[in-house]
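Asks: Provided below for reference: sequence and predicted model.
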Number of protein chains: 2
Amino acid sequence: MDEIQKNLLKEIANLHEIPVGAYNIRTNGKSSARNTTENIDIVTKEDKSGIDIIIKPNTKNESVHIPVVLSQTGLEEVVYNDFFIGENADVTIIAGCGIHNAGDAKSQHDGVHTFYIGKNAKIKYVEKHYGEGDGKGERVLNPVTIIQIEEGGYMEMDSVQIKGVDSTVRTTKATLGKDSTLVIKEKILTHGNQYAKTDFEVNLNGENSSTNVISRSVAKENSKQTFLSKINGNAKCMGHTECDAIIMDHASVSAIPEITANDIEASLIHEAAIGKIAGEQLIKLMTLGLTESEAEAQIINGFLK
Amino acid sequence: MDEIQKNLLKEIANLHEIPVGAYNIRTNGKSSARNTTENIDIVTKEDKSGIDIIIKPNTKNESVHIPVVLSQTGLEEVVYNDFFIGENADVTIIAGCGIHNAGDAKSQHDGVHTFYIGKNAKIKYVEKHYGEGDGKGERVLNPVTIIQIEEGGYMEMDSVQIKGVDSTVRTTKATLGKDSTLVIKEKILTHGNQYAKTDFEVNLNGENSSTNVISRSVAKENSKQTFLSKINGNAKCMGHTECDAIIMDHASVSAIPEITANDIEASLIHEAAIGKIAGEQLIKLMTLGLTESEAEAQIINGFLK
């Protein structure tokens, strides 16, 4: 693994060295390193590109890292990763993709991740997307996340895209069983001429299922963002979706939530706000000695924390 | 005018007798009474069904009533009414449609109302829809409202549909100039197998334009409601949209707002909440001696007030 690839790994998975626990590192379209544990197996798919991650019931406090790095310009791939989380497991899964594109051809990684979360299992899923490189080639990432949570299951999904991705369509579709919970936290920053579209759909099918979908985004320069968030309450359930966006320069942001109650016991709430950085906030930081752009950067960092 | 028609007039326009000021009463597809004033002219359109309502600049504290009643089963009509509101006018316009359908054929009134609101003019527009009659024929109302507000203009639109309309698609599209304001207050109650769709679009094109779109709705029994509300911030502007819905029985409600900021000085907010009547509220009223259905009725009345 060269320096560029190591840096991508650091950006997307905060990895400075080989991780502990189970992992599968994919580099330029190939699996470059893998480790399995007694409780976590990783198996290469035979019918298509991708892996199966199989976590035994009752596995606790273990983690799986499955980062993807692309440093070869012009590489386009679709990868299917399926996660089978056994009953009562409690694990952390760290995915993410970093693209370094120094050439003029498009580099694209579309990861389709499907989660089968067993009864009373609990997972934290962290996914970070990052692009860099001074080529003219586009850096494109289209993550698809399919989530199925069984009775009593819990998932927290943290999705972050801070920098360097030219175009992204981020699709997440979840179906929740009885007493299960899904928490989604998304953070996006776009700049230049970037485009980011987020499309969440959560089906609250099980009694006492609940979801909380929170998006915070910053759109700078000429970038465009679209936020779709659909929650269907099909049983006694609680759903909340929230989108806060800061626009700067000539950017534009659309927030299009959709909440549908098909059951009298469904309780659904949506909130969205789009606006620029408040002038008073800027002035306050500037009186403390910061320049305007330093003050803006500090406010944005705080907003996306 | 017979008793049925008089009752419809009372329901939709709170009119017990001939109104003061300008009016045009349309009964079963024909203009049945009209009055104009020095400042307000009403002219029958020659190219299609409908009237032009022309309000002179600086007209103050006058009102126009243009109720429509249908008591003949099977009547279907599309009517175009254009409102030309002169500069600095300050008037109240009361429209609305009541259908009594005692037969088995569908009765339908589609009113297309276009408002040209001049500089610094101020109008309050009240529109009430109501259906009754024990025939099997459907009662359908599809109001379309097109609004164009010039610099400094102000419009408040109160739209109410409380009872008896089997199917309604309510479309409102507004374009706002500099320093203008549009306030929309909608109240809808559906029951039985009724369907109601609301589709608001407000384009905040002028500097310092603002809008506030507030919807409160109750869906009972097997009725379905869809609420669309789109606000486009294309200049320095403020937009707020809010939808609160109560669902009961087997009803379903979708809220699909869409806020888009195309200008860094656009500040847009949306809120939506769908849920059933809170149990504590019911219990509180029931301990005061009300039955459950009386308590529900009282809560709904308060909510739609």
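Replies: Structure's in. What do you need?

Asks: what sits opposite A:Thr145 in the beta ladder?
Replies: With DSSP bridges as the criterion, A:Thr145 is bridged to A:His113, A:Thr172.

Asks: Give the phi and psi angles for the residue nearest to A:Gly103 when sequence neighbours are not counted, as a check.
Replies: Using Cβ to Cβ, 6 or more residues apart in numbering or on different chains and skipping residues adjacent in sequence, the residue nearest A:Gly103 is A:Thr73, 2.7 Å away. C-betas here are computed from N, CA, C, even on glycine. Phi and psi for A:Thr73, reported as degrees, to the nearest 10, are phi -70, psi 150.

Asks: Same question for the one 5 residues further on.
Replies: The phi and psi values for A:Val78, taken as degrees, to the nearest 10, are phi -120, psi 130.

Asks: Give me the neighbour count for it.
Replies: 14 (other Cβ atoms under 10 Å in any protein chain shown).

Asks: do you know how far it is from chain B?
Replies: To chain B, A:Val78 is 30 Å away according to Cβ to the nearest Cβ, to the nearest Å.

Asks: same question, A:Cys237
Replies: A:Cys237 is 11 Å from chain B, by Cβ to the nearest Cβ.

Asks: A:Gly29 now?
Replies: A:Gly29 is 38 Å from chain B, by Cβ to the nearest Cβ.

Asks: My guess is that residue contacts A:Glu77. True?
Replies: Yes - using Cβ atoms under 8 Å, A:Gly29 is in contact with A:Glu77, at 5.5 Å.

Asks: Residues that sit against both of these two, list them.
Replies: Common contacts of A:Gly29 and A:Glu77 (Cβ atoms under 8 Å, 6 or more residues apart in numbering or on different chains): A:Leu70.

Asks: picking up where we left off before, could you check how far the residue nearest to A:Gly103 is from A:Val79?
Replies: Applying Cβ to Cβ, to the nearest Å, the value for A:Thr73 to A:Val79 is 18 Å.

Asks: Quick check on A:Lys178: phi, psi?
Replies: When quoted as degrees, to the nearest 10, the phi and psi of A:Lys178 stand at phi -50, psi 140.

Asks: mind listing what the residue nearest to it when sequence neighbours are not counted touches?
Replies: Computed as Cβ to Cβ, 6+ apart, the closest residue to A:Lys178 that is not its neighbour in sequence is A:Gly206, at 3.7 Å. Contacts for A:Gly206 (Cβ under 8 Å, 6+ apart) come out as A:151, A:176-180, A:235, A:237.

Asks: same thing but at 6 Å, please
Replies: A:176-178, A:180, A:235 (Cβ atoms under 6 Å, 6 or more residues apart in numbering or on different chains).

Asks: Same question for A:Asp90.
Replies: For A:Asp90, the contact set (Cβ under 6 Å, 6+ apart) comprises A:60, A:122.

Asks: A:His16 looks like it's in a strand, true?
Replies: No - if the criterion is DSSP: H, G, I helix; E, B strand; the rest coil, then A:His16 is coil and not within a strand.

Asks: and the helix or strand where A:Cys97 lies, average pLDDT?
Replies: Using DSSP states H and E, A:Cys97 maps to strand A:90-100. Strand A:90-100 carries an average pLDDT of 93.

Asks: Dig out what the most centrally placed residue in chain A forms beta bridges with.
Replies: With distances taken as Cα atoms, centre = their mean, A:Ser159 lies nearest the centre of chain A, 2.4 Å away. Beta bridges link A:Ser159 to A:Glu127, A:Glu186, judged by DSSP bridges.

Asks: Distance from the chain centre to the longest helix anywhere in chain A, please.
Replies: In chain A, with assignment by DSSP state H, the single longest helix is helix A:292-304. In terms of Cα atoms, centre = their mean, to the nearest Å, the centre of helix A:292-304 is set 22 Å apart from its chain centre.

Asks: Run through the neighbouring helices and strands of that helix.
Replies: helix A:279-287 (3 or more Cβ pairs under 6 Å, 6 or more residues apart in numbering or on different chains; DSSP states H and E).

Asks: check whether the helix it packs on contacts chain B.
Replies: No - counting by Cβ under 6 Å from any Cβ of the partner chain, chain B is not contacted by helix A:279-287; separation bottoms out at 10.7 Å.

Asks: ok, now stretch A:257-268?
Replies: Yes - Stretch A:257-268 is in contact with chain B by Cβ under 6 Å from any Cβ, via A:258-262, A:264, A:267-268.

Asks: which among these end up buried?
Replies: Listed as buried from the residues of stretch A:257-268 next to chain B are A:258-262, A:264, A:267-268; burial here means 16 or more other Cβ atoms under 10 Å in any protein chain shown.

Asks: among the residues you listed, which two are most distant?
Replies: Across those, the longest distance by Cβ to Cβ is 19.0 Å; it joins A:Glu258 and A:Ile264.

Asks: Now do the buried residues in stretch A:42-53.
Replies: For stretch A:42-53, the neighbour count (16+ other Cβ under 10 Å) marks A:42, A:49-53 as buried.

Asks: hmm, who's touching stretch A:33-46?
Replies: A:22-25, A:51-56, A:59, A:62, A:64.

Asks: 7 Å - rerun?
Replies: For stretch A:33-46, the external contacting residues (Cβ atoms under 7 Å, 6 or more residues apart in numbering or on different chains) are A:21-25, A:31, A:51-56, A:59, A:62, A:64, A:80.

Asks: Just the mean pLDDT for that stretch, thanks.
Replies: Taken as a whole, stretch A:33-46 carries a mean pLDDT of 96.

Asks: Now do the same for stretch A:178-197: mean pLDDT, whole number.
Replies: So the average pLDDT for stretch A:178-197 ends up being 96.

Asks: then that stretch to CSV, C-alphas only?
Replies: Coordinates of each C-alpha in stretch A:178-197 appear next as CSV, following Å, rounded to 0.1, in the frame of the first residue of the first chain:
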residue,chain,number,x,y,z
LYS,A,178,-41.3,-4.8,16.1
ASP,A,179,-39.6,-2.8,18.9
SER,A,180,-36.7,-2.0,16.6
THR,A,181,-34.9,1.3,16.2
LEU,A,182,-33.0,3.1,13.4
VAL,A,183,-31.0,6.2,14.0
ILE,A,184,-29.4,7.9,11.0
LYS,A,185,-27.0,10.8,11.3
GLU,A,186,-25.8,12.4,8.0
LYS,A,187,-23.3,15.1,7.5
ILE,A,188,-22.5,16.5,4.1
LEU,A,189,-20.4,19.3,2.8
THR,A,190,-20.3,20.2,-0.9
HIS,A,191,-18.2,22.8,-2.7
GLY,A,192,-17.2,23.7,-6.2
ASN,A,193,-19.7,22.3,-8.7
GLN,A,194,-20.5,19.2,-6.7
TYR,A,195,-23.8,17.6,-6.5
ALA,A,196,-25.1,15.5,-3.6
LYS,A,197,-28.5,13.8,-3.4
